[in-house]
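>>> Turn this into a model:
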Amino acid sequence: MSSHDKTQAFLAISSQFQLGHLVTESFHPDTKNLSEVAKKNLPESLGLLQAVDSKALELIKNQKPSLWKMAQAIQDTLKSGNKVFMCGCGATGRLSLVLETLYRQKFGNTDKVISFMAGGDFALIKSVESFEDRTEYGERQLMELRFGPHDLLLAPTEGGETPFVIGACNQAAKISSRSPYFLYCNPDELLLPVERSREVLENSRINKVNLTIGPMAISGSTRMQASTVLMLGIGVGLLYQHSSFEDFSKFFDGFVSDLQGTPYEKMAPLTSLEAKLYREKKYLNYLADPNLAISVLTDTTERSPTFSLKGFENRLDESKDHSLSYLFISEAQTSGHAWSELLKRAPRALEWSELSQRIGLTKVLGFDISSQGHLTRTSSIPCVDFCITQKGESISFKCEQEEVSFSWGLDPLFNHLMVKMLLNAHSTLIMGLLERYEGNVMTWVRPSNNKLIDRAARYILRLLEQKGVSASYPEIIQMIFEEIDTLSENEAVVLKVLRRF
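Predicted structure coming up:
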């Protein structure tokens, strides 16, 4: 299909993907100069991101009644011998897999909690193009995992408009006696004009949990605050039991207060060092404790689509390029062992015939996150290790001469949320130092699905307007598709289109 034909096909459906009016797509007023602040005062910029996280966590307290109702439904499902399923795309898919892993860590090797994301476990490392845009794929993956008539689905979607998640949620509402929970971070009135969102919001068979917490620290970067509050909201209902709402509320408030207490500024030396190493053409190997590895993996893989970085290399591919960072579990000797340590189960891959094994189990294991993979990468390119280890109640972050330790206790959900938030802030500011966004505008967004194509177009129009240049939305969409045809994984479509003006 030519770029012109792709443009026309997108414009025909674009009204359902023009999402600039959503809160999660807007620009946070407190971080409008984030990239500049990062270059002048790194501790201050870390403090800015902590403040945004803290505000988001404070706002979620208002939704304790809805979260308590969901927590009761989760525990009732598990006590009755039925299963809890979770699904998502991108960041919400990864947080769902993190929560399943934490459940297995806490309660043993059990299939009572099953999580899946668009594209299967392959997508934990690399999103599968167009999967997010297909409602039927959400239905199909849910049913292939044997979702039953008395099982419960939890369906988090940061924006509240993801077709894959909506497809799974609608399917669950049709076949289960337990109404699914749809969790999202935008006001209902802004989602109702979007047809697929309206279908869910007006469905009385679906429970809605609205966790609107304002704009993201980086425009549209829902891997940050939105996925944090979704992970917290589901996690407190999944991993703990409470006898009453009062008990739940007290626990929740204390949990949030403790999350707000860690000083992000302590990460500044490590953030500065990692950016410096990249400028020196070095590569990072994150070596993670097995019980923390999935949250470390999540941050490192999400850097790729957010900032148009080369994704994790797969040993089955012919490409000689390497990702700036990679995750390894050094205790694991083989790829299969490492994946089992990561997920606390064997990986679940999609072996659909129409996918020609592109994301099947063999390809998943091609992402070698074992000690052998570490050895192979280290012998190929100049690498530096970044170690994240846990000893008792202490978790340390160490790279070369820099080391920072935190003592948070032994609660797995708390520790994973703190590792997530610190690494999100750390990696975001590294990319600010490397000029991968402008102010708080995600100028290096990768247009890998319809929502992100629209986002790229909106950013181009916004930046052109600031320069006093006028252009139309269809004109910009045409240019984006022309550039996509030759776009490499490490190029910014927004900047390439801007150069044409």
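
>>> Then residue 298 would be within a helix, right?
Yes: the assignment for residue 298 is a helix, going by DSSP: H, G, I helix; E, B strand; the rest coil.

>>> Excluding chain neighbours, what is closest to residue 131?
Spatial nearest neighbour of residue 131, chain neighbours left out: residue 118 (4.0 Å); criterion: C-beta to C-beta, 6 or more residues apart in numbering. Every C-beta, even on glycine, is put in place using the N, C-alpha and C of the backbone.

>>> same question, residue 196
Nearest one to residue 196, counting by C-beta to C-beta, 6+ apart, is residue 166 at 5.1 Å.

>>> what residues are up against that neighbour?
135, 138, 155, 157, 196-197, 199-200 (C-beta atoms under 8 Å, 6 or more residues apart in numbering).

>>> now it: how far from residue 225?
Counting by C-beta to C-beta, to the nearest Å, the gap from residue 166 to residue 225 is 22 Å.

>>> One more: residue 476?
Residue 476 is 28 Å from residue 225, by C-beta to C-beta.

>>> These two - which one has more neighbours?
Using other C-beta atoms under 10 Å as the criterion, residue 476 and residue 225 rank with residue 225 on top: 31 against 21.

>>> and the closest residue to residue 188 other than its chain neighbours, how many neighbours?
Nearest residue to residue 188, sequence neighbours excluded (C-beta to C-beta, 6+ apart): residue 201, at 5.8 Å. Residues within reach of residue 201, counting by other C-beta under 10 Å, total 18.

>>> From residue 468, how far out is residue 201?
For residue 201, the distance to residue 468 - C-beta to C-beta - is 40 Å.

>>> still on that earlier bit, now the helix or strand where the residue nearest to residue 196 lies, how far from the chain's geometric center?
According to DSSP states H and E, residue 166 maps onto helix 163-175. Helix 163-175 has its average C-alpha position 20 Å from the chain's average C-alpha position, going by C-alpha atoms, centre = their mean, to the nearest Å.

>>> contacts for the helix or strand following it?
Where DSSP H and E defines the elements, the next helix or strand beyond helix 163-175 is strand 181-184. Contact with strand 181-184 is made by 70, 73, 152-160, 165, 169, 191, 200, 206-211, 230, 233-234, as judged by C-beta under 8 Å, 6+ apart.

>>> Narrow these to those in strands?
152-156, 207-210 (DSSP state E).

>>> Specify which member of those is nearest to residue 432.
Using C-beta to C-beta, residue 156 is the member of these that lies nearest residue 432, at 27.2 Å.

>>> re the thing from before, give the contact list for the residue nearest to residue 188.
Counted by C-beta under 8 Å, 6+ apart, residue 201 has contacts 188, 191-192, 208.

>>> And for residue 211?
60, 63, 183-185, 226, 229-230, 233.

>>> Redo these as CSV? Include pLDDT.
Below are the contacts of residue 211 laid out as CSV (pLDDT from 0 to 100):
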residue, pLDDT
60, 96
63, 97
183, 98
184, 98
185, 98
226, 98
229, 98
230, 98
233, 98
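
>>> Can you check these and name whichever has the most neighbours?
Going by other C-beta under 10 Å, residue 226 tops the contacts of residue 211 with 31 neighbours.

>>> Now do the strand or helix carrying that one: distance to the chain's middle.
Using DSSP H and E, residue 226 sits within helix 225-238. Relative to its chain's centre, helix 225-238 lies at 12 Å (C-alpha atoms, centre = their mean).

>>> which strands and helices sit next to that helix?
helix 42-60, helix 64-79, helix 91-107, strand 152-156, strand 181-184, helix 245-259, helix 412-433 (3 or more C-beta pairs under 8 Å, 6 or more residues apart in numbering; DSSP states H and E).

>>> what comes up buried for stretch 395-408?
395, 397-399, 402, 406, 408 (16 or more other C-beta atoms under 10 Å).

>>> That stretch: end-to-end distance?
8 Å (C-alpha to C-alpha, to the nearest Å).

>>> Contacts for that stretch next, please.
Under C-beta under 8 Å, 6+ apart, the answer for stretch 395-408 is 258, 262, 266-267, 269-270, 273-274, 277, 284, 289, 292, 384-390, 393-394, 414-415, 418-419, 422.

>>> Can you turn the buried part of these into a PyMOL selection?
Selection command for PyMOL covering only the buried members of the contacts of stretch 395-408, criterion 16+ other C-beta under 10 Å:
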select buried, resi 262+267+269+270+273+274+277+284+289+292+384+386+388+390+414+415+418+419+422
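
>>> just checking, which of the contacts of stretch 395-408 belong to helices?
Members of those lying in helices (criterion: DSSP state H): 258, 269-270, 273-274, 277, 414-415, 418-419, 422.

>>> Grab the nearest non-local neighbour of residue 128.
residue 119 (3.1 Å).

>>> ugh, wrong one, residue 501
Nearest residue to residue 501, sequence neighbours excluded (C-beta to C-beta, 6+ apart): residue 469, at 5.5 Å.

>>> Pull the contacting residues for residue 227.
91-92, 94-95, 158, 420.

>>> Residue 220 too?
24-25, 442, 445, 455.

>>> Wasn't it part of a helix?
No: assignment of residue 220 by three-state DSSP gives coil, placing it outside any helix.

>>> Do you know the pLDDT at it?
For residue 220, the pLDDT comes out at 92.

>>> Name only those of the contacts of residue 166 that count as buried.
135, 138, 155, 157, 196-197, 200.

>>> In contact with residue 147, which residues are there?
Taking C-beta under 8 Å, 6+ apart, one finds 83, 85, 153, 171-172, 175-176 in contact with residue 147.

>>> Residue 298 touches residue 94, doesn't it?
Yes: judged on C-beta atoms under 8 Å, residue 298 makes contact with residue 94 at a distance of 4.5 Å.

>>> overlap in contacts of these two?
Shared contacts of residue 298 and residue 94 (C-beta under 8 Å, 6+ apart): residue 124.

>>> For residue 483, see how far away residue 453 is.
11 Å.

>>> Next, give phi and psi for residue 469.
Dihedral pair for residue 469: phi -110, psi 130, per degrees, to the nearest 10.

>>> Relative to residue 137, how far out is the residue nearest to residue 196?
In terms of C-beta to C-beta, residue 166 sits 11 Å off from residue 137.

>>> cool, and residue 82?
From residue 82 to residue 137 the distance is 24 Å (C-beta to C-beta).

>>> More neighbours: which of these two?
The neighbour comparison of residue 82 against residue 137 (other C-beta under 10 Å) goes to residue 137, with 22 against 18.
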